[in-house]
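> Give me a model of this one.
(2 chains)
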Amino acid sequence: MNDLYAWAAIGLITLAATTGDVLLAYSMKRVGDVGELWKNHGLLAVAGRILRTPTFFLGLVAMGVAFYSLLFGLSWGNLSLVVPASASLTFVANAVAARIFLHERVGRRRWLAAFLVAAGVALMAA
Amino acid sequence: MTFRKYLVLAGITVFSTLGDSLLARGMKQLGGISLHDVSGLLLAILNPWVTVGILLLLAFFASYMSALSWADLTYVLPATSIGYVLVALIAKISFHEEISPTRWVGIALIAAGVGFVAAGPSVTPVRPSEEAAPALPVEEVKS
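Numbers count the residues shown, from 1 in each chain, chains lettered A, B, ... in the order given. Below you'll find the model as predicted:
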């Protein structure tokens, strides 16, 4: 039964972390190249532009949800299961979500990288 | 990709790895804090390890946001995951921790993944028709 709870938490962490990453990536693409912006308009312009991007805050909320689900997940399952499993799944879920929602060109190279890193992270905990 | 952008990617790796380790070290020093003990959590900030850890994680977040403003999510995430390898190697070198064969395989897979993605283009070119926000010029796409 506890296993079921742990996997439910892993699913929730992965979902929330992926949502957060996608929202933050989307927001920062709308803000534009931060380095250029800083050089041409100053740091205040960068901060102002980020603060005027509502999806940025949604992304932060999703990251908060991911963090608290991790805390709850840790109270139900083992550290050595919950952390690597959710980290590993997040790499693959992010590749799928970035392709669908951010229209990123995820070629063979990037699929391979996502799966290699996901497998590596899972093995590191073993 | 300019040298400065590679520095930002390195910053993501180093800040998150160091930040996490310092935070973990500080929290271990404090002992168990329950979720119900809010004052304990607030007081944890006064621990110097925790303070520096939080500052480093803020630096991590700033460099992560910067990277996402000029590179794809599917590039940034795998490219910065070399931190897992660094932690294992630091543990082996400075704390003489054993690394099991399985973990060596994991290290090799992560390193291969990082190599694969880092050798490819860092950003998907913006199609001018679908971008409403004033898009800044996208830098060269190396392949």
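
> Check the burial of the residue lying closest to B:V50 once chain neighbours are set aside by counting its neighbours.
Leaving out its chain neighbours, the residue that sits closest to B:V50 by C-beta to C-beta, 6 or more residues apart in numbering or on different chains is B:G26, at 3.7 Å. Where C-beta positions appear, they are placed from N, C-alpha and C, glycine not excepted. A total of 20 residues lie near B:G26 under the criterion other C-beta atoms under 10 Å in any protein chain shown.

> I figured B:G26 hits B:A44, correct?
Yes. B:G26 is in contact with B:A44 according to C-beta atoms under 8 Å; the separation is 7.1 Å.

> any shared contact partners between these two?
B:V50 (C-beta atoms under 8 Å, 6 or more residues apart in numbering or on different chains).

> what separates A:G73 from B:Y64, distance-wise?
The spacing between A:G73 and B:Y64, counted by C-beta to C-beta, to the nearest Å, is 22 Å.

> in the helix or strand hosting A:L112, what counts as buried?
For A:L112, the host element (DSSP states H and E) is helix A:108-124. Neighbour-count burial for helix A:108-124 flags A:109-124 (criterion: 16 or more other C-beta atoms under 10 Å in any protein chain shown).

> where's the dip in pLDDT among the residues you listed?
In terms of pLDDT, the lowest of the buried residues of helix A:108-124 is A:M124, showing 85.

> Tell me the confidence at the closest residue to it other than its chain neighbours?
Spatial nearest neighbour of A:M124, chain neighbours left out: B:G106 (4.0 Å); criterion: C-beta to C-beta, 6+ apart. Per-residue pLDDT puts B:G106 at 93.

> if I pick B:G106, what's in contact with it?
By C-beta under 8 Å, 6+ apart, the neighbours of B:G106 are A:119-124, A:126, B:84.
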